[in-house]
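**Q** attaching a predicted model along with its sequence, questions to come.
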Amino acid sequence: MRKHLRKYLPDHEAIRANRWLALFGNTLLHPRLWHLNRHSAAGGVAAGLFCGLIPGPFQMLGAAICAVIFRVNLPLALFTTFYTNPFTIVPLYFAAYGLGRLVLGGGGEFVAPPEWGMEGMWAWVLALADWMAHLGKPLALGLVLLASLLTACGYLTVRMAWRYYLLRAWRGRRHGKRPA
């Protein structure tokens, strides 16, 4: 697995030569950010899954900061944030909202946003602000809970998959076969 992923990772000289990354050279060249083993891969996937639910364009920045802080695989953390895209973000946010409402004990169904009415712009803006405030707590709590759940599942899945691959490789070596 490491051999296949290594050809896509940049080397230290490419990072050192990049003028945008030269400012962070010492931090970004830490060996644990680029080393690929079961610990760093699982941590990178976990960081990417957690930061993938950050609203707006700050997902990759959050994943990079988490990777640097926790010293896990940086490219894998950045790549994993792509699970949120225009097709998946709405269902994920609906799931987060539902999870937040479940935990907070909110009843009823999802309330649609206010429609533009004859009252004017100011009344619509106030109705929209009230609607968004109603969504706030369940959505915020749901996003944190869903991100934590995805993080734990992703971390454990990578660790178990890597362990399964290693066990097959060890058995194959014992019997004189190469792993698939």
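**A** It's in.
**Q** same for the helix or strand harbouring residue 135, what does it pack against?
**A** With secondary structure defined by DSSP states H and E, residue 135 is part of helix 121-174. Contact here means 3 or more C-beta pairs under 8 Å, 6 or more residues apart in numbering; DSSP states H and E; on that basis helix 121-174 packs against helix 38-51, helix 89-104. C-beta: built from backbone N, CA, C; applies to glycine.
**Q** what are the buried residues along the longest one?
**A** Of the residues in helix 89-104, those with enough neighbours to count as buried (16 or more other C-beta atoms under 10 Å) are 92-93, 96-101.
**Q** hmm, who's touching stretch 92-103?
**A** In this structure, residues lying in contact with stretch 92-103 by C-beta atoms under 8 Å, 6 or more residues apart in numbering are 53, 84, 106, 110, 135, 137-143, 145-146.
**Q** so which residue is smack in the middle of this structure?
**A** Most central in the chain under C-alpha atoms, centre = their mean is residue 49, positioned 2.2 Å from the mean C-alpha point.
**Q** and that one, what does it touch?
**A** Listed by C-beta under 8 Å, 6+ apart, the contact set of residue 49 reads 80, 83, 147, 150-151, 153-154.
**Q** if we go to 6 Å?
**A** Taking C-beta atoms under 6 Å, 6 or more residues apart in numbering as the definition of contact, the neighbours of residue 49 are 80, 150-151, 154.
**Q** what sits up against stretch 54-61?
**A** Stretch 54-61 is contacted by residues 51-52, 62, 78, 81 when judged by C-beta under 6 Å, 6+ apart.
**Q** so what pLDDT did residue 30 get?
**A** Residue 30 carries a pLDDT value of 72.
**Q** and for residue 108?
**A** The per-residue pLDDT of residue 108 was computed as 56.
**Q** equivalent analysis for the one 10 residues further on, please.
**A** For residue 118, the model assigns a pLDDT of 70.
**Q** which of the contacts of stretch 54-61 lies closest to residue 39?
**A** For residue 39, the closest of those turns out to be residue 78, at 17.7 Å, with distances computed as C-beta to C-beta.
**Q** quick check, that closest one in contact with residue 63.
**A** Yes: counting by C-beta atoms under 6 Å, residue 63 is a contact partner of residue 78 at 5.4 Å.
**Q** those two: who's more crowded?
**A** A count of neighbours by other C-beta atoms under 10 Å puts residue 63 above the other of residue 78 and residue 63, at 26 against 19.
**Q** after the host helix or strand of the more buried one, next one along is what?
**A** Residue 63 belongs to helix 59-70 when elements are defined using DSSP H and E. Past helix 59-70, further along toward the C-terminus, the next helix or strand under DSSP H and E is helix 74-80.
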